[in-house]
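[1] Fold the stuff below for me.
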Amino acid sequence: MKRRMVASEHIYKGVKIVVATGDITKQGVHAIVNPANSMLVMGGGVAGAIKRAGGREIEDEAVKKAPVPVGKAVATGAGRLSARHVIHAPTMERPAMRIGVKNVELAMRGALECAKRLAILSVAFPGMGTGVGGVSLDEAAAAMVEEARKQIDLGTSLREIVLVGFTTSSAQTFERAVHETFKKYPQ
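    Next comes the predicted model:
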């Protein structure tokens with residue numbers, strides 16, 4: 001059962017792009033994305049929420065796969081979450097680093113490539129790099145949606161990408177990014 005408040009949906013080349021408001025750990029998807037650090041230590045923010053909801057075993061499995069460079073991603077089990085996988089996509093090398101929007105693009109690409117390798121059908125993303133990374137949600141959302149479009153153009157197993165805003169305001173930011181990106185690419 002999908003537990004989300006859908007703000008909007010857009011279909012691009014057979015892939016549904018959904019903007020939702022809510023808790024990423026409660027999304028009814030095959031995988032959720034953790035915007036990680038390269039050491040895959042799950043401290044605060046989204047990583048901390050994933051660890052609290054899914055269990056410490058997610059972090060225990062993740063750190064065994066570290067270090068993971070920005071631009072690459074690895075998957076672990078999802079513990080007690082309804083998702084099957086957590087995709088750990090580093091946006092930064094060390095915990096609590098300030099980053100630029102290029103890291104968001106690289107992390108998004110890494111997560112989508114990981115999903116493709118695993119033949120995942122649905123994946124949920126929070127704002128990447130928008131917490132301690134310091135990237136504005138406007139910039140991050142635009143970069144994330146554009147990278148999703150590029151990866152869809154290259155071919156993907158995905159049938160659904162969910163962009164999850166924790167608040168209505170953050171979901172509206174994702175909606176604007178989806179609208180702005182896909183109005184340039186009519187089907």
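[2] mind listing the strands for the chain?
    5-12, 15-21, 31-37, 74-77, 85-92, 122-125, 160-165 (DSSP state E).
[3] Pick out the shakiest of those, pLDDT-wise.
    Across those, strand 5-12 has the smallest mean pLDDT, namely a mean of 84.
[4] quick one: contacts of that one?
    Strand 5-12 is contacted by residues 16-22, 149, 152, 165, 168, 171-172, 174-175, 178-179, 182, 185, 187 when judged by C-beta atoms under 8 Å, 6 or more residues apart in numbering. Heads up, the C-betas are built off the backbone N, CA and C, glycines and all.
[5] Now the buried members of the residues you listed.
    17-22, 149, 152, 165, 171-172, 174-175, 178, 182 (16 or more other C-beta atoms under 10 Å).
[6] coming back round to it: how about JSON lines for the strands of the chain, with distance to Gly48 added?
    Shown next, in JSON lines, are the strands of the chain (distance: least, C-beta to C-beta, whole Å):
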{"stretch": "strand 5-12", "distance to Gly48": "23"}
{"stretch": "strand 15-21", "distance to Gly48": "20"}
{"stretch": "strand 31-37", "distance to Gly48": "10"}
{"stretch": "strand 74-77", "distance to Gly48": "15"}
{"stretch": "strand 85-92", "distance to Gly48": "13"}
{"stretch": "strand 122-125", "distance to Gly48": "17"}
{"stretch": "strand 160-165", "distance to Gly48": "16"}
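[7] Would you mind measuring the gap between the ends of stretch 35-50?
    The first residue of stretch 35-50 is 11 Å away from its last residue (C-alpha to C-alpha, to the nearest Å).
[8] That should have said stretch 29-43, apologies.
    OK, stretch 29-43 end separation, C-alpha to C-alpha: 23 Å.
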